[in-house]
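J.: sequence and predicted structure are below.
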Amino acid sequence: MILVHVVLPGDIDDPAHPSGGNTYDRRVCDGLRALGWSVLEHAVPGSWPRPTSVDTGGLRGVLAECPENALVLIDGLIASCVPEVLVPQATRLRLAILVHLPLENDREGEALAAAHGVVTTSEWTHGRLLDLYSLSPERIHVAAPGVDSMPLAPGSPSGQELLCVGPVTVHKGHDVLASALNMIADLSWNCVWVGGLTREPELVRELTRTLPANVHLTGPLTRQALNAAYARADLLVLASRGETYGMVVTEALAHGIPVLASDAKGIPEAMGFAPDGNRPGLLTEPGDPAALAAALRDWLTDADLRERLRAAARSRRQSLTRWDDTVARVAKVLEGMRAA
């Protein structure tokens, strides 16, 4: 049995603060156990990636308690901001860093250089790290997020049920989406916003003063409720200014739902292509409300476009990465570090 210590953010299982990174970490830990591994989780409270001295002290204690030559997988939200903690441990532990979101600074470069292996969650992130830092390419690996098999969303003839999933923040582009939706107020549609409302409360207050009545903010949803929201949706809209991958994109595609998203960073990678080479959705310039509104208008007024995109999305769902594949790739990296 292979033993791995996994160092995780303290909110890993907090339902009030769901995130793609936490979902990925939880699925990897559970998946490794399903493969027969012994997984010891160490959830480290703290204001990562801007830790206090108390936070770093807790991490030091966790790593100090790991035995010599222990295999340790650390979430990059923690590891990439504390090279002063990681570097001294690199000579006695086999350290792997799981990078969801590059911090893009010298401290991250120092931490990654000390690790024995790095796992990224997208090809975009893989390339970005190699561009930013002097890292050995053979130590940087990709394990894209997986999806579960989901029932096919039936879709409505009008295509008017729009869905946006993610905490309401400027980074996620909710200000852009709000402007775009106001530009198509003459059309018939409903838009459900699923996601936390507490990260940028002033933005939420500002947007809710101008949002049309047919925009509905739900706050975070349980997995069952979120799946029900996908089942009712015709189109996922992601106006984010950039994602290293975009797990909500593949979640929507797992339901056969087309995606309208920003052409930024790893989002096109997540959207991918149907086997016939067609995109299962539309990409627009990030931060451009008029372009987003034009694409929404096309979707809502062109039945042929809706059918083409639905066909591509339903075809794309067959080639999506599954969580078993993701876990197998992470396990292979860790096994290689253990054998080295």
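T.: The structure has been received and is ready for your questions. Numbering: from 1, shown residues only.

J.: contacts and neighbour counts: CA atoms only from here.
T.: Noted.

J.: what about whichever strand or helix holds Asp324, average pLDDT?
T.: Per DSSP states H and E: Asp324 is located in helix 323-339. Helix 323-339 comes out with an average pLDDT of 95.

J.: stretch 175-187 too?
T.: Rounded mean pLDDT across stretch 175-187 is 97.

J.: re the thing from before, return the set of buried residues in the helix holding Asp324.
T.: The neighbour-count check on helix 323-339 (16 or more other Cα atoms under 10 Å) flags 323-331, 333-334, 337-338 as buried.

J.: the helices in the chain, which residues?
T.: In the chain, the helices defined using DSSP state H lie at 20-34, 53-65, 76-79, 83-89, 106-114, 123-132, 174-183, 201-208, 223-232, 247-254, 267-271, 289-301, 303-316, 323-339.

J.: ok, residues contacting the longest one?
T.: The reference is to helix 323-339. The contact list for helix 323-339, computed with Cα atoms under 8 Å, 6 or more residues apart in numbering, reads 27-28, 31-32, 71, 94, 96, 116-117, 119, 141-148.

J.: which strands and helices sit next to the lowest-mean-pLDDT helix or strand in the chain?
T.: Ranking every helix and strand in the chain by mean pLDDT, DSSP states H and E puts helix 53-65 at the bottom, with a mean of 92. In terms of contacts (3 or more Cα pairs under 8 Å, 6 or more residues apart in numbering; DSSP states H and E), helix 53-65 is packed against strand 38-44, helix 83-89.

J.: count the neighbours of the nearest residue to Asp298 once chain neighbours are set aside for me.
T.: Excluding its sequence neighbours, the residue lying closest to Asp298 (Cα to Cα, 6 or more residues apart in numbering) is Leu305, at 7.7 Å. A count of nearby residues for Leu305, using other Cα atoms under 10 Å, gives 14.

J.: just checking, Leu305 touches Arg297?
T.: No. Between Leu305 and Arg297 there is no contact under Cα atoms under 8 Å: 11.1 Å.

J.: isn't Leu8 up against Gly46?
T.: No. Using Cα under 8 Å, Leu8 is not in contact with Gly46, being 10.4 Å away.

J.: mean confidence for stretch 85-105?
T.: Stretch 85-105 shows a mean pLDDT of 96.

J.: quick check, distance from that stretch to the centre of its chain.
T.: Relative to its parent chain, stretch 85-105 has a centroid offset of 20 Å by Cα atoms, centre = their mean, to the nearest Å.

J.: and what of stretch 304-318?
T.: Taking mean C-alpha positions (Cα atoms, centre = their mean), stretch 304-318 and its chain are 23 Å apart.

J.: that stretch: which residues count as buried?
T.: Neighbour counts over stretch 304-318 (16+ other Cα under 10 Å) mark 306, 309-317 as buried.

J.: tell me how many other residues surround the residue nearest to Thr121 when sequence neighbours are not counted.
T.: Distances taken as Cα to Cα, 6+ apart put Ala144 closest to Thr121, at 4.5 Å, once the chain neighbours are dropped. Using other Cα under 10 Å, Ala144 has 25 other residues around it.

J.: if I pick Ala144, what's in contact with it?
T.: 120-123, 321, 326.

J.: picking up where we left off before, reformat the helices and strands packed on helix 53-65 as TSV; add mean neighbour count.
T.: Compiled in TSV, these are given as follows (neighbours: other Cα atoms under 10 Å):
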stretch	mean neighbour count
strand 38-44	16
helix 83-89	18
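
J.: mind checking those for the one nearest to Leu163?
T.: Closest to Leu163 of the helices and strands packed on helix 53-65, according to Cα to Cα: strand 38-44, at 32.1 Å.
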